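Here's my sequence, what's the structure:
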Amino acid sequence: MPRQDKRAETDPPRHRVPGARFGHLEAGVEELAGEMAAGRLTARRLTAAYLARIGALDRDGPRINSVIELNPQALEIAGSLDRERKTSGARGPLHGIPVLLKDNIATGDRMSTSAGSLALDGIGATRDAHLVARLRDAGAVILGKTNLSEWANIRSTRSTSGWSARGGLTRNPYALDRNTSGSSSGSAAAIAANFAAVAVGTETDGSIVSPASINGLVGLKPTVGLVSRDGVIPISHTQDTAGPMTRSVADAALLLAAIAGPDPRDGATAEAEPADYRNELDAKRLRGARLGVVRSELRRHPGVDAAFEAALAKLRARGAVLIDPVELDLGESAEEAELEVLLYELKADLPAWLAEFAPHAPISTLADVIAWNERHAAEELPWFGQELFEQAQSRGDLSESTYREALGSCRRAARDEGIDKAIAQHDLDALVAPTGGPAWLSDLVNGDHYGGSFSKPAAVAGYPHLTVPSGFLHGLPVGLSFVGPRWSEPLLLGLGFAYEQATRARRAPTFAPTLP
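Purely as a prediction, here's the structure:
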C-alpha cells in the first residue's frame, strides 16, 4: 500500500495559487515596517502591490469579491507618508501600512459608507469615525472598504452571510463555493487572501470572531467601550464594537493599540486607556494560566470536537491548567432577550447615525430604509426579505419596560450568572472553546446553515473575545476562542500569542474552486 500523507487531514489542499509572485505574502506589520525603515520598501510601492493583487484576485481571477470600494487617494496618501518618513521619520509601526475597513465605518473622504445598501451607495460620510481618525494619525493608508453582510446581518432571519445588494457575494478564499460567515465577511476574506496588511471589522454578535475563524484569521472583539463606536453604523449601542482582523496576534495587538482609547463622543470609552499590547506577547504566557473548558459548544461536529481536543492537549503541553468542564449556558431566554435589545436599539440608534453622518441620504429612519427596499425590491430583496427590520420598526422607544427587562435579563445571564460567575467560581484567567464550525456552502436560496458558534456569551456581556487559528478540517480553517472578563484584552492577547506560537496553525488560502 502507498504511504498515507498525514498532512492530508489537517492542511488545505494544494493548488496553483494565482498571483503567487506577490512579494509580501503573509507579511506582518512589523516585517513591512522594518522593510520601509531600512529603505527597501516604500508605502507607495506596498500600496500599489496590494492594489494590483486586489485587481488580479478580488476583481478578476477567482473573484473573491471582498473589497467593495477602493480608495482613489490611496497612492497619493502613501506617497505623502513616504515623504514624511524621509523628512521627520515614522509616526509609529503603522506608518505607511495599508488597512482595509468594513463598509459600515464612516470615512470622510471620497468613498461611500453604505453598510452594503444601495440606499447609501455614493453617500460619503460627513467626517471620519473616531477609529479612522486614529488610524490616519498613526500613519495608516486607508486602502478601501470591504463588503459585508448587508446592514451587518440584521435585516433577515434567513440571509446569506457575505451578501449585500451593493457588493454582491463575498467568496471564501479557501474554497470559493464556501461561505465567509459574517457580517465582517469582506474584511475576513481580504486579509486571508493578503489584500492588505490588516483590516478592521465590527461585531454585535459573532461578526468578527466567526468570519475570522472561518477564514483562518486572528479576530478580536474588544470590550464594548475600548474602541469608540463613533461613526460605526449601529445595530446596538449595548453590543456593537469594532476590532482587529489580522493574520497574527502581533498584528492584532498593534492594530488594537492604534484604534483603542477614549473618545469624548462615546461615553462608554471613558475608562479606555491607551496601551501597547505588544508588551503582553509572551510565548510562555500559557504557563500556569487557569483556563475553563466550555464543552457546551461540542457535539455539533465531530471534526471540530477532535480539533478542540488537540488544542486542549497543546494548551496542557504549554503549561496551562485546564478546569474541565466549566458550565456556561445562557439559555434560550437570553437569546430571545438579546434579540429584543437589538431590535429596540436598532430602531433608536440608526436615525441618529444617519442624521450626523449621512444627512444628505435619501433615508433618515429605519422606516425609510424599509420603504426604500420595497421600492427597489428587485435589487435589494431578490434572495431574502427584511423581516427583522420590520420587527424592529414595530418596537417602541427605549423607555418601554419590555426593552429594559430584556436588557437586564441579558446582563444577568451573560455577566452575573455567566462569564463573571464562571471565572470567579473557578479562579480562571479565561474561558476556552471552539469558535465555531467550518465554512458551509453558500446558498442564496436557503440562507446560512451555521455549524455552531461561541460568540454569544461575550457578545451579550460586552466582554472581549479572541479567536486564533487552530487547524483545518478538510482544508477549511477552524479557530480556538479565548474569552475573558471586561478589559482583559492584554491577557487574552498574551494567551492567544502563546497558543499561536505553539501551533503555527495559519496557512495561506489556495483559492480552490471547491473541496476535493
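
For the residue nearest in space to the middle of the chain, give its distance to Gln239.
Of all residues in the chain, the one closest to the mean position by Cα atoms, centre = their mean is Ile208, 2.5 Å from it. Distance, Ile208 to Gln239, by Cβ to Cβ, to the nearest Å: 12 Å. All C-beta spots, glycine's among them, are computed from the backbone N, C-alpha and C.

so the residue nearest to the centre of the chain touches Leu220, yeah?
Yes: using Cβ atoms under 8 Å, Ile208 is in contact with Leu220, at 7.0 Å.

Now for the two: what residues contact both?
Both Ile208 and Leu220 are in contact with Gly243, His465, where contact means Cβ atoms under 8 Å, 6 or more residues apart in numbering.

in what helix or strand does Asp305 lie?
Per DSSP states H and E: Asp305 is located in helix 302-317.

neighbouring contacts of that helix?
286, 291, 293, 298-299, 322, 324, 432-434, 436-438, 451-452, 470-471, 473-474, 478, 480, 499, 502-503.

What is the subsequent helix or strand relative to that helix?
With DSSP H and E, the next secondary element past helix 302-317 is strand 321-323.

Give the other helices and strands that that next one contacts.
Under the contact criterion of 3 or more Cβ pairs under 8 Å, 6 or more residues apart in numbering; DSSP states H and E, strand 321-323 touches strand 290-293, helix 302-317.

Sheet partners, orientation included, of that strand?
strand 290-293 (parallel) (DSSP bridges).

Between the helices and strands packed on strand 321-323, which one is closest to Ala115.
Among the helices and strands packed on strand 321-323, the nearest to Ala115 by Cβ to Cβ is helix 302-317 (30.9 Å).

May I have the closest one as CSV, with CA atoms only?
This file holds the C-alpha atoms of helix 302-317, laid out as CSV (Å, rounded to 0.1, in the frame of the first residue of the first chain):
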residue,chain,number,x,y,z
PRO,A,302,-17.0,15.5,15.2
GLY,A,303,-14.2,17.2,13.3
VAL,A,304,-14.5,20.3,15.4
ASP,A,305,-14.6,18.3,18.6
ALA,A,306,-11.4,16.5,17.6
ALA,A,307,-9.6,19.7,16.7
PHE,A,308,-10.6,21.2,20.1
GLU,A,309,-9.2,18.2,21.9
ALA,A,310,-6.0,18.6,20.1
ALA,A,311,-6.0,22.3,21.0
LEU,A,312,-6.5,21.4,24.7
ALA,A,313,-3.6,18.9,24.5
LYS,A,314,-1.4,21.7,23.2
LEU,A,315,-2.5,24.1,25.9
ARG,A,316,-1.7,21.5,28.6
ALA,A,317,1.7,20.8,27.0
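
list the buried ones in that helix?
For helix 302-317, burial by neighbour count (16 or more other Cβ atoms under 10 Å) applies to Gly303, Val304, Ala307, Phe308, Ala310, Ala311, Leu312, Lys314, Leu315.

how about the strands in the stretch 1-150 of the chain?
Assigned by DSSP state E, counting those that start in this stretch, the stretch 1-150 of the chain shows strands spanning 67-70, 98-102, 141-146.

List the contacts of the second one.
The contact list for strand 98-102, computed with Cβ under 8 Å, 6+ apart, reads 43, 46-47, 50, 67, 74, 78, 107, 132, 135, 140-146, 148, 183-184, 186-187, 190-191, 195-202, 242, 255.

starting at the chain centroid, how far to that strand?
Mean-position distance between strand 98-102 and its chain equals 12 Å (Cα atoms, centre = their mean, to the nearest Å).

so what strands line up beside it?
strand 141-146 (parallel), strand 198-203 (parallel).

ok, Leu495 - how many residues close by?
By other Cβ atoms under 10 Å, the residues close to Leu495 number 28.

ok so Ala502 is a strand residue?
No: if the criterion is DSSP: H, G, I helix; E, B strand; the rest coil, then Ala502 is helix and not within a strand.

That one and Ala196: what is the separation?
Taken as Cβ to Cβ, the span from Ala502 to Ala196 is 27 Å.

Just want to know which of those two has more residues nearby.
The residue with more neighbours, out of Ala502 and Ala196, is Ala196; 29 against 15, by other Cβ under 10 Å.

Which residues are in contact with that one?
Tyr50, Pro98, Val99, Leu100, Leu143, Ala190.
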